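Chemist: Show me the folded form of this:
(one chain, ligands or ions: 1)
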Amino acid sequence: MALIELHRLDKRYTTGTLAVQALDLQIAAGEFVALLGPSGCGKSTVLRMVAGLEAPSAGTLVAPEGQATGYVFQEPTLMPWADVFDNVWLPLRIAGMRRAIARHRIEALLQSVGLSEFAHAYPSELSGGMKMRTSIARALVTQPQLLLMDEPFAALDEITRQKLNDDLLGWWQAQRFTALFVTHSVYEAVFLSRRVLVMSGRPGRLVAEVPIDEPYPRGPAFRTSVRYAERCAEIMQALQRSHAQATA
Ligand SMILES: Nc1ncnc2c1ncn2[C@@H]1O[C@H](COP(=O)(O)OP(=O)(O)OP(=O)(O)O)[C@@H](O)[C@H]1O
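Modeler: Here you go, the predicted structure:
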């Protein structure tokens, strides 16, 4: 059963830019899918349409609505005046859930993202990785069916990024959400996902789809394996072809 279904989706902005053209995409419940493509090819536009933040210009789109979708941006976008606990509480507060009722759920989530000891710290007191953990906790607190992530780890150092990749797979396996993950990193895409989609230059269409048939849980052994390197090389080539077409 597909959780997300896009059929011949177009997006033309009012400026005239055709960002996405005739995009067909199906994602099954529970899948982890990565989206790669040249800068400006429409990846964020696709996420925003799936999230319902942007309306398609043509085609059909089926996706979970409202609180069934969590969204993580490249910037953690935390409220600076609120502590970690209150930042994570925000989506529940908007839905009318009082702090005392939400407390148990938030504390359990902070524990699973490794932030229990920082529940009452303010964003300015956190490292970049901790801010991103808070942002992910805020997206997961509504127990969404779908988690959309737009280059969430691009600003982090490599070791912090790897740790977050490892942990993200753990949260995905524990909470069983469906993940659509935009990244510029071939390595990150292959490590995380069951399927990597490569988009063309603008207007974005799908030009390659590579299944990563490797079992989960995935860890350091997978990251250093020959099979991992082979998958990365395969996707790198697809991406290079896409870039070559984009600049031709
Ligand atoms: N609100 C908007 N109004 C007009 N044009 C837009 C808007 N948002 C995006 N665009 C244009 O649509 C195209 C696709 O943008 P989008 O941000 O979706 O690409 P992207 O693949 O996510 O890029 P990057 O990898 O650089 O983040 C770009 O040409 C961009 O300038």
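Chemist: Residue ranges in the chain under the pLDDT threshold?
Modeler: 246-248 (pLDDT under 70).
Chemist: If we use 80, what do you get?
Modeler: 1, 243, 245-248 (pLDDT under 80).
Chemist: for it, what spans make up the strands?
Modeler: Remark: strands assigned in the chain by DSSP state E are 2-12, 18-28, 32-36, 58-62, 69-72, 146-150, 178-182, 195-199, 206-211.
Chemist: Any chance of those strands in TSV with mean neighbour count and distance to Ser124 as columns?
Modeler: Every C-beta, even on glycine, is put in place using the N, C-alpha and C of the backbone. Output for the strands of the chain, formatted as TSV (neighbours: other CB atoms under 10 Å; distance: least, CB to CB, whole Å):
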stretch	mean neighbour count	distance to Ser124
strand 2-12	18	36
strand 18-28	18	35
strand 32-36	24	32
strand 58-62	14	38
strand 69-72	23	20
strand 146-150	23	23
strand 178-182	24	27
strand 195-199	23	36
strand 206-211	16	41
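Chemist: who wins for proximity to the ligand among those strands?
Modeler: The ligand lies closest, by CB to the nearest ligand atom, to one member of the strands of the chain: strand 18-28, at 3.6 Å.
Chemist: Buried residues in the lengthiest helix in the chain, which are they?
Modeler: Looking across the chain with DSSP state H, the single longest helix is helix 226-247. Within helix 226-247, the residues scored as buried using 16 or more other CB atoms under 10 Å are 228, 231-232, 234-235, 238-239, 242-243, 246.
Chemist: Let me know the angle separating that helix from strand 195-199.
Modeler: Counting by axes from the mean of the first three to the mean of the last three CA atoms, to 10 degrees, helix 226-247 lies at 20 degrees to strand 195-199.
Chemist: how about helix 226-247 as PDB, C-alpha atoms only?
Modeler: Once non-C-alpha atoms are left out, helix 226-247 reads as follows in PDB (Å, rounded to 0.1, in the frame of the first residue of the first chain):
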ATOM      1  CA  VAL A 226      32.500  -3.100  -0.700                       C
ATOM      2  CA  ARG A 227      28.800  -3.300  -1.400                       C
ATOM      3  CA  TYR A 228      28.300   0.100   0.100                       C
ATOM      4  CA  ALA A 229      31.100   1.600  -2.000                       C
ATOM      5  CA  GLU A 230      29.600  -0.100  -5.100                       C
ATOM      6  CA  ARG A 231      26.200   1.400  -4.500                       C
ATOM      7  CA  CYS A 232      27.700   4.800  -3.800                       C
ATOM      8  CA  ALA A 233      29.600   4.600  -7.100                       C
ATOM      9  CA  GLU A 234      26.500   3.600  -9.000                       C
ATOM     10  CA  ILE A 235      24.500   6.500  -7.700                       C
ATOM     11  CA  MET A 236      27.400   9.000  -8.200                       C
ATOM     12  CA  GLN A 237      27.300   8.000 -11.900                       C
ATOM     13  CA  ALA A 238      23.600   8.600 -12.100                       C
ATOM     14  CA  LEU A 239      24.000  12.000 -10.400                       C
ATOM     15  CA  GLN A 240      26.900  12.900 -12.700                       C
ATOM     16  CA  ARG A 241      24.700  12.100 -15.800                       C
ATOM     17  CA  SER A 242      21.900  14.200 -14.300                       C
ATOM     18  CA  HIS A 243      24.300  17.100 -13.700                       C
ATOM     19  CA  ALA A 244      25.700  16.800 -17.200                       C
ATOM     20  CA  GLN A 245      22.200  17.000 -18.700                       C
ATOM     21  CA  ALA A 246      21.400  19.900 -16.400                       C
ATOM     22  CA  THR A 247      24.300  22.000 -17.600                       C
END
